[in-house]
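# Fold the following, please.
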Amino acid sequence: MTPIITVLIIIAIIVVPILFVIGLYNGLVKLRNRYKNAFSQIDVQLKRRHDLIPNLVETAKSFMKHERETLEAVIQARNAASSAREAASVNPGDAGSIQALAQAENGLGGMLGKMFALSESYPELRSNQNMLQLQEELTSTESKVAFARQSYNDSVMHYNNKTESFPANFIAGMFNFGPATMFEIADESEREVVKVEF
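Numbers count the residues shown, from 1 in each chain. Prediction:
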């Protein structure tokens, strides 16, 4: 073998693994950035949801004077969810903050459900144009949140699959690419099949 061929073989033995590691690392970075971007889409929709709630409560307050506790509980749940959203948006890779956000959002959803159930006793409120418009906007936002959550969970699954698969798992371990947490429904009752009776 000539010295040139020997040098080329040595260079190839050194360069190919380096390029392989660089490719795996860059792929993990792209997947991590993808799930962080997907979380930012949830963040936008949740902020919109949280911004609608004070207007909804103000509209309901004039009709539901005797339901002050419920309205205050809705605002408290909204504030807790907003704080959890802000904490999770700082680091969407933190499992604790994502779980806290899911719990806070679940609590807010429960309080909104209670408020809407109580509003059924107030016909004037149900027919109020502002209330109807806010409910429509909230319903639209809920759909967008669900879609954004699905996109986020898909991105997290793809990222986690890559970080756990061979040989990327070695690169993920060396460069601290930890697992990401899905944004899942915390209340098991929401997973149950709704019974429809005629």
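
# what kind of secondary structure is Asn176 in?
When classified by DSSP: H, G, I helix; E, B strand; the rest coil, Asn176 comes out as coil.

# so what secondary structure elements neighbour the longest helix seen in the chain?
Longest helix of the chain, by residue count under DSSP state H: helix 3-61. Here helix 3-61 touches helix 68-90, helix 95-119, helix 129-164, helix 168-174, going by 3 or more Cβ pairs under 8 Å, 6 or more residues apart in numbering; DSSP states H and E. Yep, even glycine has a C-beta here, placed from its N, CA and C like the rest.

# Switch those helices over to a markdown table; also include mean pLDDT, mean neighbour count and distance to Pro3.
Output for the helices and strands packed on helix 3-61, formatted as a markdown table (pLDDT from 0 to 100; neighbours: other Cβ atoms under 10 Å; distance: least, Cβ to Cβ, whole Å):
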| stretch | mean pLDDT | mean neighbour count | distance to Pro3 |
| --- | --- | --- | --- |
| helix 68-90 | 93 | 17 | 56 |
| helix 95-119 | 91 | 18 | 55 |
| helix 129-164 | 92 | 16 | 41 |
| helix 168-174 | 94 | 15 | 34 |
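
# Out of these, which is closest to Asn37?
helix 129-164 (7.8 Å; Cβ to Cβ).

# Which neighbouring elements make contact with that closest one?
helix 3-61, helix 95-119, helix 168-174.

# now the helices and strands packed on helix 3-61 as CSV including distance to Val29?
Shown next, in CSV, are the helices and strands packed on helix 3-61 (distance: least, Cβ to Cβ, whole Å):
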stretch, distance to Val29
helix 68-90, 19
helix 95-119, 20
helix 129-164, 10
helix 168-174, 10
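
# which one of these lies closest to Val15?
Of the helices and strands packed on helix 3-61, nearest to Val15 by Cβ to Cβ is helix 168-174, at 16.9 Å.

# what helices or strands is the closest one leaning on?
Going by 3+ Cβ pairs under 8 Å, 6+ apart, helix 168-174 lies up against helix 3-61, helix 129-164.

# thinking again about what came up before, compare the helices and strands packed on helix 3-61 and give me the one nearest Gln45.
helix 129-164 (4.5 Å).

# and Asn33, how many neighbours does it have?
Using other Cβ atoms under 10 Å, Asn33 has 12 other residues around it.

# Tell me who's in contact with Ile75.
Applying Cβ atoms under 8 Å, 6 or more residues apart in numbering to Ile75 gives the contacts 53-54, 57.

# again, only using 6 Å
Val57 (Cβ atoms under 6 Å, 6 or more residues apart in numbering).

# can you check Ala104 too?
80-81, 84.

# Pick the one among those residues closest to Val44.
Ala81 (14.5 Å).
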